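1. Got a predicted model here, sequence first, then my questions.
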Amino acid sequence: MSANSTSTSVQRELSIRSESIQRVYNFYRNDLLFVNRRYQRKLIWTVEEKRTFIDSIVKGYPVPLILLAETTINEKVVFEIIDGMQRLNAITAFIEGQFDYNGQFFDLETMVESKSVLDREILVQKEPKLSREICEAFASYILPLSVYSFRDTNKVDEIFIRINSYGRHLSRQELRSAGTLGLFTDLVRSISSEIRTDTTPGNILNLSMMNEISITNIGLNYGIPVEDIFWVKHNVITKEMVREARDEEIVADILASMCFSELPGTSSQILDEYYGLTISEKSTDMQEALGRIGVDVLKYQFILVYNEIRTILDISGKNFRELVFKNPAQRLPRYFQTIFLAFHKILVKENNEVVSYPELIKKLDGISDYIRISEGGNWSASNKTDNVNAIAGIIQECFKEKASTDPARYKWLTEFESLLMQSKTEQTLYDFKQGFLILDGTDTFDDDSFSKIILTLTAMANNSPTAVGYVCVGVADKRKDSERIKEIYGITAKQYRGFFVTGIEHECIALKKDIDEFFRWIIQKIKNQPITNETIDIICREIRVISYFDKEIVIFKVKAARDPMMYDGKYYRRHGSNINEVLPEEYPSFFKSFQ
């Protein structure tokens with residue numbers, strides 16, 4: 001193909017158009033703007049940066065081009081944001097009153113779409129209001145859009161990488177993540193996301209949901225309080241470093257050390273090679289290691305060690321810095337990596353488990369005195385190895401050979417928190433119940449609620465051929481339920497991001513059953529529900545009881561079957577938190593979606 005024909009093809013795929021802010025807000029409210037988390041960052045603009053951008057629009061200054069890719073989601077034509085997410089969020093957030101401009105807020109009655117959400121009480125008008133004249137000028141401002149209409153996702157990825165790989169506003173780690181797409185990049189991103197608790201069910205996320213998985217900033221109350229993130233809470237790195245993705249750098253370095261039989265050195269250049277920014281022997285070795293060990297195995301091993309460290313810190317009542325250091329230290333991430341890799345050596349490579357937490361905590365108290373980190377930007381392989389072996393030797397006697405393997409024992413601490421957070425961005429496939437008993441003090445099993453749980457699971461499974469749904473019992477999403485449980489049973493809930501984890505142990509005691517008896521009883525009740533034997537098998541196969549700190553929770557998990565699931569002779573689907581019956585006239589399209 002000639003250069004001219006290539007150019008013509010690109011021009012057919014690309015259209016330059018102008019849309020008013022009012023029109024773009026209409027896109028936003030109608031769920032037409034999406035973000036791909038494989039390469040997009042979270043919301044990182046400060047409130048001052050947002051105000052500055054709004055000021056440019058109010059004054060009629062030109063603003064940078066916004067790049068969108070036209071694509072299809074759920075048979076609906078939508079736009080994936082390639083470049084301009086921070087700007088689009090600033091616009092929509094300003095309209096919806098998330099921040100002010102010169103002490104005043106956008107007048108929601110200015111535009112049809114914003115007035116509609118005001119009238120439906122979805123939004124509340126904040127005072128004082130900006131003048132109608134300024135708001136109308138703002139709403140009519142023309143944004144320059146560049147829209148690509150092709151369906152080749154690899155081309156979209158390449159465009160994003162080219163746009164973002166050369167920006168000076170990105171940190172070194174953000175450049176690595178934006179500049180590469182591969183197994184190592186995805187694995188680092190996945191683990192880092194679970195630790196930050198900003199996981200989502202999939203990579204494609206509605207722009208309106210970005211607040212839920214973004215980190216708080218001064219003047220911006222986002223979904224994840226930065227002080228609660230493990231790295232900040234335990235003084236491993238600062239909140240500013242988390243915003244620069246330095247946590248992903250730590251995860252990447254630890255993963256690289258886990259991949260090889262001999263611990264490698266650490267440097268910025270070496271990480272570039274692991275990410276594939278520079279093709280070298282190291283990048284090839286990394287790809288071979290990922291294929292040999294398996295990304296799922298590596299993730300499991302990482303989360304296993306991470307959860308053990310979390311458990312130790314929780315029992316000790318101290319954060320990481322307080323436990324490990326007698327005096328403040330520099331380069332704290334390398335101390336964390338040293339202890340993490342020592343735990344990995346004992347727990348994973350040598351297949352051991354903790355035999356005494358009190359003794360282990362004593363050993364770890366002030367253990368930084370035995371770590372000698374070399375100076376300079378690079379961390380040599382020999383120094384890393386010496387430190388890991390020294391710490392492993394000190395704590396070794398607090399472990400014993402593992403008698404059996406229990407895949408759920410460690411993993412569910414972090415995985416459960418991820419499940420809670422994912423429910424904030426995908427209500428359809430997640431539901432929570434405070435328990436199985438009616439909260440009237442009579443210790444009566446709520447049969448109607450139990451039937452609703454099974455109905456909900458079938459409706460979730462019918463959402464799509466690839467649907468995976470969860471119902472968690474022992475988790476209250478309303479404070480009044482947790483307060484009622486405390487009033488009746490004396491149980492204090494463990495709070496996590498708006499959820500109240502109450503557990504179901506008090507219900508077992510009330511019904512005079514232990515956990516195993518209770519579990520078998522629940523299985524029998526499932527078998528008595530008006531569902532097919534295949535559906536019974538699917539639900540019973542996936543149900544499990546997990547421990548979250550000192551709380552026992554029952555998790556029902558359902559995966560879509562080859563055919564839709566029936567409940568009491570009818571088909572249902574779940575939309576948000578609502579369960580709707582599939583009507584006979586909808587059967588053709590309903591069954592077609594499963595073919």
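-> Received it, and whenever you're ready, just let me know what you need. Since the structure is predicted, the reported quantities are computational estimates derived from the model, not experimental observations.
2. Next, the residue positioned nearest the centre of the chain: secondary structure please.
-> With distances taken as Cα atoms, centre = their mean, Thr199 lies nearest the centre of the chain, 0.9 Å away. Of the three states, Thr199 takes coil under DSSP: H, G, I helix; E, B strand; the rest coil.
3. Pull the contacting residues for it.
-> 193, 213, 418, 421-422 (Cβ atoms under 8 Å, 6 or more residues apart in numbering). Every C-beta, even on glycine, is put in place using the N, C-alpha and C of the backbone.
4. out of those residues, which are inside strands?
-> Among those, no member falls in strands (DSSP state E).
5. Out of those residues, which is nearest to Arg544?
-> Ser418 (15.6 Å; Cβ to Cβ).
6. do you know how far the nearest residue to that closest one once chain neighbours are set aside is from Glu586?
-> Leaving aside its chain neighbours, Ser418 sits nearest to Thr199 (4.3 Å; criterion: Cβ to Cβ, 6 or more residues apart in numbering). In this view, Thr199 and Glu586 are 32 Å apart by Cβ to Cβ, to the nearest Å.
7. quick one: what helix or strand has Gly441 in it?
-> In this assignment (DSSP states H and E), Gly441 forms part of neither any helix nor any strand.
8. Show the contacting residues for it.
-> Counting by Cβ under 8 Å, 6+ apart, Gly441 has contacts Ile488.
9. Tell me who's in contact with Asp247.
-> Asp247 neighbours (Cβ under 8 Å, 6+ apart): 192, 195-196, 229, 231, 237, 241.
10. repeat for Val501
-> 474-476, 493-495, 548, 551, 553.
11. Inside strands: which ones of those residues?
-> 475-476, 494-495, 548, 551, 553.
12. And the residues you listed, which two are furthest apart?
-> Most distant of these, by Cβ to Cβ, are Gln495 and Ile553, 14.3 Å apart.
13. Now do the strands in the stretch 251-400 of the chain.
-> Using DSSP state E, counting those that start in this stretch, the strands found in the stretch 251-400 of the chain span residues 352-354, 399-401.
14. The stretch 451-595 of the chain too?
-> Using DSSP E, counting those that start in this stretch, strands in the stretch 451-595 of the chain cover 468-473, 475-476, 494-496, 499-501, 544-548, 551-559, 566-567, 570-575, 578-581.
15. roughly how far out does the longest one sit from the chain middle?
-> Right, strand 551-559. 19 Å (Cα atoms, centre = their mean, to the nearest Å).
16. higher neighbour count, Gln495 and Ile553?
-> Ile553 (21 against 11; other Cβ atoms under 10 Å).
17. Any stretches of this protein with poor pLDDT?
-> 1-14, 150-158, 160-170, 178-180, 328-331, 404-411 (pLDDT under 70).
18. Now with 80, please.
-> Scanning the chain for pLDDT under 80 picks out 1-14, 38-41, 74-75, 149-172, 174-175, 177-181, 327-331, 375-376, 403-412, 595.
19. so what's the closest residue to Gln529 other than its chain neighbours up against?
-> Leaving aside its chain neighbours, Gln529 sits nearest to Ile454 (4.7 Å; criterion: Cβ to Cβ, 6+ apart). By Cβ under 8 Å, 6+ apart, the contact set of Ile454 is 526, 529, 531, 539, 567.
20. In JSON lines: these, plus neighbour count and distance to Gly265.
-> Below are these laid out as JSON lines (neighbours: other Cβ atoms under 10 Å; distance: Cβ to Cβ, whole Å):
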{"residue": "Ile526", "neighbour count": "19", "distance to Gly265": "54"}
{"residue": "Gln529", "neighbour count": "18", "distance to Gly265": "58"}
{"residue": "Ile531", "neighbour count": "21", "distance to Gly265": "57"}
{"residue": "Ile539", "neighbour count": "25", "distance to Gly265": "50"}
{"residue": "Tyr567", "neighbour count": "22", "distance to Gly265": "58"}
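21. Go through those residues and say which is closest to Tyr39.
-> The closest of those, once distances to Tyr39 are taken by Cβ to Cβ, is Ile539, at 36.5 Å.
22. show me what contacts the closest one?
-> 454, 457, 526, 531, 556, 558.
23. hmm, 6 Å instead?
-> With contact taken as Cβ atoms under 6 Å, 6 or more residues apart in numbering, Ile539 is in contact with 457, 526, 558.
24. Now do the residue nearest to the centre of the chain against Phe436, distance only.
-> 28 Å.
25. Skipping its backbone neighbours, what lies nearest Leu123 in space?
-> Leu123 sits nearest to Val117 (Cβ to Cβ, 6+ apart), 4.8 Å away.
26. Phi and psi next, for the one you found.
-> phi -70, psi -30 (degrees, to the nearest 10).
27. That one contacts Val124, doesn't it?
-> No. Counting by Cβ atoms under 6 Å, Val117 sits too far from Val124 to count as a contact (9.9 Å).
28. Just give me the neighbour total for Gln301.
-> Neighbour number of Gln301 under other Cβ under 10 Å is 18.
29. Give me the neighbour count for the nearest residue to it once chain neighbours are set aside.
-> The shortest distance from Gln301 to any non-neighbouring residue, by Cβ to Cβ, 6+ apart, is to Val348 (5.0 Å). Neighbour count of Val348, defined by other Cβ under 10 Å: 16.
30. next one: Ile213
-> For Ile213, using other Cβ under 10 Å, the count is 24.
31. My guess is it contacts Arg196. True?
-> No. Using Cβ under 6 Å, Ile213 makes no contact with Arg196, being 8.5 Å away.
32. So for the two, which residues contact both of them?
-> With Cβ under 6 Å, 6+ apart, Ile213 and Arg196 have no common neighbours.
33. can you map out the helices along the stretch 351-500 of the chain?
-> Taking DSSP state H, counting those that start in this stretch as the test, the helices found in the stretch 351-500 of the chain are 357-364, 381-395, 407-422, 447-461, 479-489.
34. can you tell which of those is closest to Leu88?
-> Comparing the helices of the stretch 351-500 of the chain by Cβ to Cβ, helix 407-422 comes nearest, at 23.0 Å.
35. quick one on the thing from earlier: Val117 and Val124: who's more crowded?
-> Val117 (16 against 11).
36. Please report the distance of that one from Asp100.
-> 19 Å.
37. Specify the beta-bridge partners of Val558.
-> Gly469 (DSSP bridges).
38. Am I right that it is in contact with Thr456?
-> No. Judged on Cβ under 6 Å, Val558 makes no contact with Thr456 at a distance of 8.9 Å.
39. which of those two has more neighbours?
-> Neighbours were counted for Val558 and for Thr456 using other Cβ under 10 Å; Val558 has more, 26 against 23.
40. Can you list the buried residues in stretch 454-471?
-> For stretch 454-471, burial by neighbour count (16 or more other Cβ atoms under 10 Å) applies to 454-463, 467, 469-471.
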